[in-house]
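[1] quick check, what structure comes out for this input:
(one chain, ligands or ions: 1)
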Amino acid sequence: MKLMFLGPPGAGKGTQARIIAEKLGIAHISTGDMLREQVKNGTALGLKAKEYMDAGQYVPDGVIIDMVKERVNKPDAREGFILDGFPRTAAQAETLDGFASLDAVINIGVPDEMLIDRICGRRVCTDCGATYHESMLHDKEKCPVCSGSMYVRDDDKEETVRTRINVYKEKTQPLIDYYAKKGILHEIDGTGTIDEIADKVMAAIEALK
Ligand code: AP5
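    Numbers count the residues shown, from 1 in each chain. Down below sits the predicted model:
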């Protein structure tokens, strides 16, 4: 099964993609995670991408498209995948049509103020990459899964988050119509608990079978 999770920053795309990919036994392909890995490793691509990411802007299409094309051809994606955060522009969506055919696009909707609260409270584990909201943690410095230290993403400052939401509205929101016209769009209300939303996403996917 080939799925794409769409939604504004903080909608819960990454949280849901991790849960659903594990349930379905398919690959979770997050362009944000791939870029952060490049930044962490200090590659030329990572250094270039960081400037855009820290400013809340999109990384140029060419860089992203090459990265995803290579990733979807890896063995773990043969049985299917969830694209999390790709495509985000019309050019990315049109190019994707040329190398993969999506079964469904899950659009997770959440109001702006809730997005800001979710992102500004996000904590990520340096070691295992687990993501939490600070309200879920007894100790905000320590990962409850692996005891690794927690960090705040460089692009999770409120001002940058507002820029990211605006960039999403301008460049990515039009993709909702693009996929609605193809008849593969499924709208999910992303305001409940993580488990409630995962159940709704799974129900939408089960209905495809
Ligand atoms: P990326 O990492 O993809 O960031 P994003 O799209 O802005 O999305 P987020 O990761 O912030 O949010 P999410 O929806 O995954 O939410 P999450 O599950 O983490 O991309 C970062 C940057 O890379 C971009 O800005 C851009 O520069 C670049 N980039 C990436 N892809 C690109 C592309 N295709 N083209 C160009 N540039 C690209 O949840 C957020 C928080 O909410 C967490 O704290 C979580 O614990 C909490 N939470 C989740 N669900 C719930 C819930 N139901 N209730 C309460 N809290 C919840």
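
[2] show me where pLDDT drops low in the chain?
    The model of the chain has no residue with pLDDT under 70.

[3] can you count the residues close to the nearest residue to residue 127 once chain neighbours are set aside?
    Nearest non-adjacent residue to residue 127, counting by C-beta to C-beta, 6 or more residues apart in numbering: residue 148, 3.0 Å away. All C-beta spots, glycine's among them, are computed from the backbone N, C-alpha and C. By the measure other C-beta atoms under 10 Å, the count of residues near residue 148 is 16.

[4] contact partners for residue 148?
    Each residue near residue 148 by C-beta atoms under 8 Å, 6 or more residues apart in numbering is listed here: 125-128, 142.

[5] in the chain, which residue sits nearest the ligand?
    The ligand sits closest to residue 32 of the chain, with a gap of 2.1 Å, by C-beta to the nearest ligand atom.

[6] helix, strand or coil for that residue?
    Secondary structure for residue 32, judged by DSSP: H, G, I helix; E, B strand; the rest coil, is helix.

[7] I'd say it and residue 9 touch.
    No: at 9.2 Å, residue 32 does not count as touching residue 9 under the criterion of C-beta atoms under 8 Å.

[8] neighbour count: the two, which is higher?
    When residue 32 and residue 9 are compared for neighbours, residue 9 comes out ahead with 24 against 17, by other C-beta under 10 Å.

[9] and residue 45, that one's in a strand?
    No: according to three-state DSSP, the state of residue 45 is helix, so it is not within a strand.

[10] quick one, strands of this protein?
    2-6, 27-30, 81-84, 104-109, 122-125, 131-133, 150-151, 185-189 (DSSP state E).

[11] ok, back up a step: next one: phi and psi at the residue nearest to residue 127?
    Residue 148 adopts backbone torsions of phi -70, psi 170, taken as degrees, to the nearest 10.

[12] now the end-to-end length of stretch 125-141.
    This stretch, stretch 125-141, spans 9 Å end to end (C-alpha to C-alpha, to the nearest Å).

[13] list the buried residues in that stretch.
    Buried positions in stretch 125-141, judged by neighbour count with 16 or more other C-beta atoms under 10 Å: 125, 129-133.

[14] can I get these in JSON lines with distance to residue 58?
    Compiled in JSON lines, those are given as follows (distance: C-beta to C-beta, whole Å):
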{"residue": "125", "distance to residue 58": "26"}
{"residue": "129", "distance to residue 58": "22"}
{"residue": "130", "distance to residue 58": "26"}
{"residue": "131", "distance to residue 58": "21"}
{"residue": "132", "distance to residue 58": "26"}
{"residue": "133", "distance to residue 58": "25"}
